[in-house]
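Engineer: Have a look at this prediction, sequence included:
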Amino acid sequence: MKAAMTPPPWEHLKAPTFIKITVFSLLCISLFFLFSSFSSFPFPLNATTPPPPLPPFPVLEKTGIVDDNGAMVDKFDVGDFDQKSANEMLANLTRKYEERENERNKEVRVRVFEKFKVCNESMREFIPCLDNVDSIRRLNSTERGEKFERHCPAIGKGLDCLVPAPKGYRSPIPWPQSRDEVWFNNVPHTRLVEDKGGQNWISIKGDKFVFPGGGTQFIHGADQYLDQISQMVPDIKFGHNTKVVLDIGCGVASFGAFLLQRNVSTLSIAPKDVHENQIQFALERGVPAMVSAFATHRLLYPSQAFDLIHCSRCRINWTRDDGIVLLEANRMLRAGGYFAWAAQPVYKHEDNLQKQWKEMENLTSSICWELVKKEGYIAIWRKPLNNSCYLNREAGAQPPLCDPNDDPDSVWYVDLKVCITRIPDKGYGANVSTWPERLHHLPDRLQTIQMDAFAARKELVKAESKYWKEIIQSYIHAFRWRELKIRNVMDMRAGFGGFVAALHEHDLNCWVMNVVPVSGFNTLPVIYDRGLLGVMHDWCEAFDTYPRTYDLLHASGLFSTERKRCNVSTIMLEMDRILRPEGIVYIRDSISVLDELQELATAMSWICFLHDTKEGPHASWKILRCSKKR
């Protein structure tokens with residue numbers, strides 16, 4: 001028989017008697033501690049006197065607009081307000097909001113802003129709105145030069161890659177040496193040498209193109225040619241009375257290049273025709289230039305822009321279509337300004353050429369131009385100062401005056417018109433100061449700008465000038481602008497020209513293309529009245545220049561405005577196209593915009609740094625400084 005197994009010791013704990021004893025013991029211990037805590041109260045439980053009163057609450061100053069009875073009152077105190085704390089709190093909230101927005105969009109941007117590919121080698125001189133082969137092929141007619149005008153790709157069909165530089169590209173030769181020679185590999189095209197070598201335009205010497213300074217009508221040099229013009233009409237006074245000049249069909253822009261040393265700003269223009277690289281050569285030399293053509297639309301410059309318009313064998317039929325293209329030149333010529341024409345009809349006596357001269361005489365007379373001087377192969381006319389000659393013509397005289405409601409400064413995709421642009425009755429545009437006073441003189445035409453302000457316009461211009469003067473001074477010191485050898489500069493949102501005026505004051509050896517976006521106020525007439533150069537443009541489309549033609553691009557507040565109208569990546573890719581390798585970009589804009597632009601810049605292989613403005617680290621705007629390292 002097996003012995004009974006001894007139960008484990010914890011089995012006794014399960015007995016009913018043990019459980020009852022344990023519960024009773026725990027109850028006694030709990031009652032003991034409860035009464036002990038009551039005995040520690042500051043007053044006895046059976047006391048008949050009340051406890052001492054609690055200390056009174058501090059008296060608070062009443063604030064608000066409701067009294068003790070809940071009624072609205074007129075007199076009240078708003079309490080203390082800490083401006084510094086409030087500003088810091090607002091800045092923190094703004095920063096947190098922007099961080100949340102950036103995080104929320106980060107995944108989308110990472111997908112969109114992948115590294116951009118490099119375009120095919122065949123696109124190294126690509127100008128999107130002038131090389132749109134498909135659109136040009138579909139034109140109904142090209143006899144008036146339509147194929148040389150803008151035909152931009154549809155939205156979403158534009159440039160989506162980085163335009164490459166030619167093999168062997170080198171940093172441009174700095175100004176003023178670049179006036180006379182540039183690297184061959186930077187513009188490796190020999191067509192002009194083959195066609196114009198005998199006319200002293202351009203030649204090749206070793207690894208460089210050399211520019212002797214001649215032209216078709218001035219093979220002995222631009223300086224001698226300019227002296228002849230000055231002697232023919234002394235009142236022209238280059239650099240004093242005549243500050244802003246348009247050179248049409250400019251070749252390699254030697255006319256404008258040599259006027260620079262006479263303190264004249266010349267905008268050299270030519271179409272992208274059989275001599276397609278002439279504007280590229282001009283910009284490589286460091287001379288203001290732009291691709292542009294007299295065809296069916298107004299040029300992108302305001303009325304009364306130029307003190308002198310020059311055409312030397314520019315291959316334009318000025319009398320075609322009832323003089324429509326000469327009437328466009330008249331629109332852009334300042335009242336009292338001069339038109340200089342150097343061409344075979346001026347001096348050759350062949351029948352067909354004399355017929356052309358007679359047609360030109362009749363047309364210029366009908367628009368009240370005075371033939372001031374005809375000497376050798378140059379003829380110079382002067383535009384009237386007011387409308388009196390136009391109004392005194394016979395009834396029905398042709399061409400007619402333009403409709404009073406026609407805006408002569410409206411130029412974006414506006415058709416040419418066979419009519420004479422009226423001169424403002426108040427003399428606006430004709431009464432500009434002489435240089436250099438006109439740079440800081442506020443022109444009367446300022447009052448004609450369509451904008452929200454009226455009486456404060458002059459104050460706006462003065463404030464803009466002061467603002468940019470301080471900023472340019474800081475750029476020069478902080479970013480060592482004098483060491484950068486900047487020559488070709490573009491201000492992508494120019495306002496009244498305060499940026500370039502500040503550059504003039506600090507004597508930086510550069511020129512500036514002032515761009516006035518179509519999305520803002522048309523301040524272009526004021527820019528020209530101040531003696532500066534500029535153009536109207538829509539940044540949702542490509543600019544009419546060759547790739548690699550600007551050393552510095554400056555954009556202040558541009559992207560905050562334009563991102564409401566088009567994709568900012570379109571603008572950034574266009575900036576990359578027109579910027580030279582090692583070129584610099586300065587973008588002043590809101591933090592939220594710059595975050596996106598910095599990612600785009602990285603995708604384009606730019607090297608960028610974000611800087612605070614002088615307002616400090618909590619300001620809503622910053623500076624994005626980038627360089628193109630390709």
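Structural biologist: In hand now; what should we look at? Numbers count the residues shown, from 1 in each chain.
Engineer: pretty sure residue 139 is touching residue 149, no?
Structural biologist: No: in this structure residue 139 lies outside contact range of residue 149 using Cβ atoms under 8 Å: 9.4 Å. (Glycine included, C-beta is placed from N, CA and C.)
Engineer: The two - which one has more neighbours?
Structural biologist: residue 149 (21 against 11; other Cβ atoms under 10 Å).
Engineer: What residues does residue 367 make contact with?
Structural biologist: 323, 326, 327, 330, 399, 420 (Cβ atoms under 8 Å, 6 or more residues apart in numbering).
Engineer: Among these, which lie within helices?
Structural biologist: The helices, defined by DSSP state H, take in 323, 326, 327, 330 from the contacts of residue 367.
Engineer: most surrounded residue in these?
Structural biologist: That'd be residue 326 among those, by other Cβ under 10 Å, with 26 neighbours.
Engineer: From residue 364, how far out is it?
Structural biologist: Using Cβ to Cβ, to the nearest Å, residue 326 is found at 8 Å from residue 364.
Engineer: re the thing from before, show me which of the ones in helices among the contacts of residue 367 is closest to residue 187.
Structural biologist: Nearest to residue 187, judged by Cβ to Cβ, of the ones in helices among the contacts of residue 367 is residue 326 at 32.2 Å.
Engineer: ok, the closest residue to the closest one other than its chain neighbours - contacts?
Structural biologist: Sequence neighbours aside, residue 318 is the residue nearest to residue 326 in space, at 4.3 Å (criterion: Cβ to Cβ, 6 or more residues apart in numbering). Counting by Cβ under 8 Å, 6+ apart, residue 318 makes contact with 325, 326, 329, 341, 360, 363.
Engineer: residue closest to the middle of the protein?
Structural biologist: Central residue of the chain (Cα atoms, centre = their mean): residue 492, 0.7 Å from the mean position.
Engineer: Setting aside sequence neighbours, what's the nearest residue to that residue?
Structural biologist: Residue 492 sits nearest to residue 555 (Cβ to Cβ, 6+ apart), 4.2 Å away.
Engineer: Could you report the pLDDT at the residue nearest to the centre of the chain?
Structural biologist: Here, the pLDDT recorded for residue 492 equals 98.
Engineer: how far away is it from residue 512?
Structural biologist: Taking Cβ to Cβ, one finds residue 492 at 11 Å from residue 512.
Engineer: what is the residue nearest to residue 492 paired to in the beta sheet?
Structural biologist: Residue 555 has the following beta-bridge partners by DSSP bridges: residue 587.
Engineer: dump the residue contacts of it.
Structural biologist: By Cβ under 8 Å, 6+ apart, the neighbours of residue 555 are 492, 493, 575, 585, 586, 587, 588, 589.
Engineer: any chance of those in JSON lines, plus distance to residue 409?
Structural biologist: Shown next, in JSON lines, are the contacts of residue 555 (distance: Cβ to Cβ, whole Å):
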{"residue": "492", "distance to residue 409": "20"}
{"residue": "493", "distance to residue 409": "18"}
{"residue": "575", "distance to residue 409": "26"}
{"residue": "585", "distance to residue 409": "29"}
{"residue": "586", "distance to residue 409": "28"}
{"residue": "587", "distance to residue 409": "28"}
{"residue": "588", "distance to residue 409": "27"}
{"residue": "589", "distance to residue 409": "27"}
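Engineer: Residue 627: which of these is nearest?
Structural biologist: The closest of the contacts of residue 555, once distances to residue 627 are taken by Cβ to Cβ, is residue 585, at 7.4 Å.
Engineer: What's the separation between the closest one and residue 416?
Structural biologist: From residue 585 to residue 416 the distance is 36 Å (Cβ to Cβ).
Engineer: Looking at the two now, which is surrounded by more residues?
Structural biologist: Neighbour totals were compared for residue 585 and residue 416, and residue 585 leads with 23 against 18 (other Cβ under 10 Å).
Engineer: Distance from the chain centre to stretch 173-180, please.
Structural biologist: A distance of 25 Å separates the centroid of the chain from that of stretch 173-180, by Cα atoms, centre = their mean, to the nearest Å.
Engineer: quick one: average pLDDT of it?
Structural biologist: 96.
Engineer: Sort out which residues of it are buried, please.
Structural biologist: For stretch 173-180, the neighbour count (16 or more other Cβ atoms under 10 Å) marks 173, 175, 178, 179, 180 as buried.
Engineer: who touches that stretch?
Structural biologist: Counting by Cβ under 8 Å, 6+ apart, 172, 181-183, 210-211, 213, 257, 260, 284-287, 485, 487, 509-510 sit against stretch 173-180.
Engineer: got the CA coordinates for that stretch in CSV?
Structural biologist: Provided in CSV are the C-alpha atoms of stretch 173-180 (Å, rounded to 0.1, in the frame of the first residue of the first chain):
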residue,chain,number,x,y,z
ILE,A,173,37.1,87.0,-71.3
PRO,A,174,36.3,89.9,-69.0
TRP,A,175,35.3,93.4,-70.1
PRO,A,176,36.8,95.6,-71.6
GLN,A,177,39.1,93.1,-73.3
SER,A,178,36.0,91.1,-74.5
ARG,A,179,35.0,94.0,-76.7
ASP,A,180,37.8,93.1,-79.0
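Engineer: Tell me where the stretch 101-250 of the chain has strands.
Structural biologist: Secondary structure of the stretch 101-250 of the chain by DSSP state E, counting those that start in this stretch: the strands cover 181-183, 203-205, 208-210, 244-248.
Engineer: Output the contacting helices and strands for the next helix or strand after the last one.
Structural biologist: Looking back up the chat, that one is strand 244-248. Next along the chain after strand 244-248, taking DSSP states H and E as the criterion, comes helix 254-260. In this structure, helix 254-260 makes packing contacts with helix 222-232, strand 244-248, strand 265-270, helix 278-285, judged by 3 or more Cβ pairs under 8 Å, 6 or more residues apart in numbering; DSSP states H and E.
Engineer: cutoff 7 Å now
Structural biologist: Other helices and strands packing on helix 254-260, by 3 or more Cβ pairs under 7 Å, 6 or more residues apart in numbering; DSSP states H and E, are helix 222-232, strand 244-248, strand 265-270.
Engineer: Contacts for that helix, please.
Structural biologist: 179, 211, 213-215, 222-223, 226, 238, 245, 247, 250, 266, 268, 285, 287-288, 310, 312 (Cβ atoms under 7 Å, 6 or more residues apart in numbering).
Engineer: so can I have a markdown table of the strands of the stretch 101-250 of the chain showing mean neighbour count and distance to residue 601?
Structural biologist: Formatted as a markdown table, the strands of the stretch 101-250 of the chain follow (neighbours: other Cβ atoms under 10 Å; distance: least, Cβ to Cβ, whole Å):
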| stretch | mean neighbour count | distance to residue 601 |
| --- | --- | --- |
| strand 181-183 | 20 | 27 |
| strand 203-205 | 12 | 37 |
| strand 208-210 | 19 | 32 |
| strand 244-248 | 26 | 34 |
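Engineer: give me every residue that touches the residue nearest to the centre of the chain.
Structural biologist: Residue 492 is in contact with 515, 539, 553, 554, 555, 558, counting by Cβ under 7 Å, 6+ apart.
Engineer: Poorly predicted segments of the stretch 301-450 of the chain, please.
Structural biologist: Judged against pLDDT under 70, the stretch 301-450 of the chain has no low-scoring part.
Engineer: can you give me the helices for it?
Structural biologist: 320-332, 344-347, 351-366, 388-391 (DSSP state H, counting those that start in this stretch).
Engineer: buried sites along the helix or strand following the last one?
Structural biologist: Past helix 388-391, heading to the C-terminal end, the next element that is a helix or strand (DSSP H and E) is helix 457-479. For helix 457-479, the neighbour count (16+ other Cβ under 10 Å) marks 457, 460, 461, 464, 465, 468, 469, 471, 472, 475, 476, 479 as buried.
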